[in-house]
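> What follows is a predicted structure for the sequence shown.
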Amino acid sequence: MAEPGHTDKFMEIINRYNALIYKVCYMYADDDEHLKDLYQEVSANIWQGMPGFRAESGVSTWIYRVAINTCVSYFRRHGRQSESLRFDDSAYSVVDSYDERSHQLREMYEMIGRLGKIDKAVVMLWLDGHSYDEIADVTGLSRANVASRLHRAKQRLIDDKV
């Protein structure tokens, strides 16, 4: 049985961090159905993990960690390999409008989607303004490894663009 207020706190977290959860799941999903499955699994893991959350890091850091670990674990369990992201109308809740900026964001997300699972996480966290130390905390990598992976990922994205 859940503690008193558990459901309210869960709903508050899901509502507040919906875009973050969606974005992480989206970066790992192959299609809309897979996206829904990942989102549900992340939500379930947040629900289950809430009693153990000790607030040693920020809630958003914890949410990132749960979402990324859930997505990576999902692929390991189900043997799925994300080859490319499929962009359709449902993907645009991350992107506000169909203007030039949204076109560039779609292109950027497609390119990031081609990176390996951990590199995707590192790049997403960096794009969201997290420090190397915060990224290391979320991913379990060392700070030096974060810097190295980020540098290589940026270089790969530049090389793929050209």
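Okay, I see it.

> where do the helices sit along this protein?
Secondary structure of the chain by DSSP state H: the helices cover 6-16, 18-28, 32-49, 59-78, 100-113, 117-127, 132-139, 143-161.

> Please convert those to JSON lines, extending it with mean pLDDT and mean neighbour count.
Every residue, glycine included, has its C-beta placed from N, CA and C. Output for these, formatted as JSON lines (pLDDT from 0 to 100; neighbours: other CB atoms under 10 Å):
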{"stretch": "helix 6-16", "mean pLDDT": "92", "mean neighbour count": "13"}
{"stretch": "helix 18-28", "mean pLDDT": "89", "mean neighbour count": "20"}
{"stretch": "helix 32-49", "mean pLDDT": "93", "mean neighbour count": "16"}
{"stretch": "helix 59-78", "mean pLDDT": "87", "mean neighbour count": "18"}
{"stretch": "helix 100-113", "mean pLDDT": "75", "mean neighbour count": "14"}
{"stretch": "helix 117-127", "mean pLDDT": "89", "mean neighbour count": "20"}
{"stretch": "helix 132-139", "mean pLDDT": "90", "mean neighbour count": "20"}
{"stretch": "helix 143-161", "mean pLDDT": "89", "mean neighbour count": "14"}
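
> so how far does stretch 45-61 reach from one end to the other?
Start-to-end span of stretch 45-61 (CA to CA, to the nearest Å) is 15 Å.

> quick one: the residue nearest the centre of the chain from Leu115, how far?
Computing the C-alpha centroid of the chain and ranking residues by CA atoms, centre = their mean puts Val24 first, at 2.0 Å. Remark: distance between Val24 and Leu115 (CB to CB, to the nearest Å) = 14 Å.
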